[in-house]
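K.L.:
when you get a sec, could you give me coordinates for this:
(one chain, ligands or ions: 1)
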Amino acid sequence: MSTAPLQVAIDGPAASGKTTVARATARRLGVLYLDTGAMYRAVAYLALRTGTEIDNEAALARLLAANPMDLELDESAPLGFRIVAGGHEMSESDLQRDDVTAIVSAVSAHPAVRSEMVLGQQTIAEYHSVVMAGRDIGTVVLPNAQVKIYLTASIEARIERRRLQLEQAGVDVEFHRLAQEIEERDRLDRTRAVSPLAPAPDAHVIDSSDMDAQEVVDKICAIVAAA
Ligand code: DC
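P.N.:
Numbering: from 1, shown residues only. Just a heads-up that it's a prediction; the model follows:
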């Protein structure tokens, strides 16, 4: 008898702690992990490197066709997975660059970009148990996921998490711009026409403002055990 792969969807706004929590949850459950935000960031990185206009959906689609994204889910890789595109393996500092962050919401709003990324995400989850983090995982990518989490936190907690994440990635960002960047991305991600950020109706909402990552992982694993 075959059992369906386990799908755990973790969505939430920018810097809510999804990546850390998703990776640790996957490790605890012994399943694969994918941060889908990294895929959209990789597209933004490629667009910058090639001078592709971010408002030109057809040009972005051609860019992706010419540079297919090679995804390998490997816990031992620095990010917990590898993304190779255009002959380049994306590092955390590539993906977290200020200029990438500034355009990633606009790049990810194009249906042609989303359909390519979603297809890759669904293909992985069809055959492998996975914890997937993003904005539309519980609503669009894995609507039948056994467990859906909507992870949120106060803006103050999210600024501090983002500051730490950037510091660890060795990315230089002016502190006073963080709040503006996070709020602007939230606005764009929530109001876009296609797959906007929103909790799935059947998601467990976790406000992690006063929780550390370990407590959130414990809570998600308890929800998985009870599912
Ligand atoms: O999680 P992150 O901040 O690295 O995500 C970067 C951007 O990618 C985010 O602002 C919106 C987009 N994104 C998306 O549209 N859908 C996802 N599943 C994940 C990210």
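
K.L.:
how about the helices in this structure?
P.N.:
In the chain, the helices defined using DSSP state H lie at 18-29, 36-50, 57-66, 92-95, 98-108, 111-127, 155-169, 176-191, 213-226.

K.L.:
of all those, which one comes closest to G134?
P.N.:
G134 lies closest to helix 36-50 among the helices of the chain, at 3.7 Å (C-beta to C-beta). Just so you know, the C-beta spots here come from the backbone N, C-alpha and C atoms, and that holds for glycine as well.

K.L.:
now do the closest one: distance to the chain's middle.
P.N.:
Computed by C-alpha atoms, centre = their mean, to the nearest Å, the chain-centroid distance of helix 36-50 equals 12 Å.

K.L.:
then stretch 161-174?
P.N.:
The gap between where stretch 161-174 is centred and where its chain is centred comes out at 17 Å by C-alpha atoms, centre = their mean.

K.L.:
what does stretch 88-97 rub up against?
P.N.:
Contact with stretch 88-97 is made by 38, 41-42, 45, 49, 78-79, 82-84, 100, 165-166, 169-171, as judged by C-beta atoms under 8 Å, 6 or more residues apart in numbering.

K.L.:
try it again at 7 Å.
P.N.:
A38, R41, A42, Y45, P78, L79, R82, I83, L166, A169, G170, V171 (C-beta atoms under 7 Å, 6 or more residues apart in numbering).

K.L.:
swap in stretch 106-115?
P.N.:
40, 43-44, 47, 54, 57, 60-61, 64, 188, 192, 194-195.

K.L.:
and if you look at stretch 39-59?
P.N.:
Residues contacting stretch 39-59 (C-beta under 7 Å, 6+ apart): 60, 63-64, 67, 69, 83, 85-86, 90, 94-95, 99-100, 103-104, 106-108, 110, 112-113, 117.
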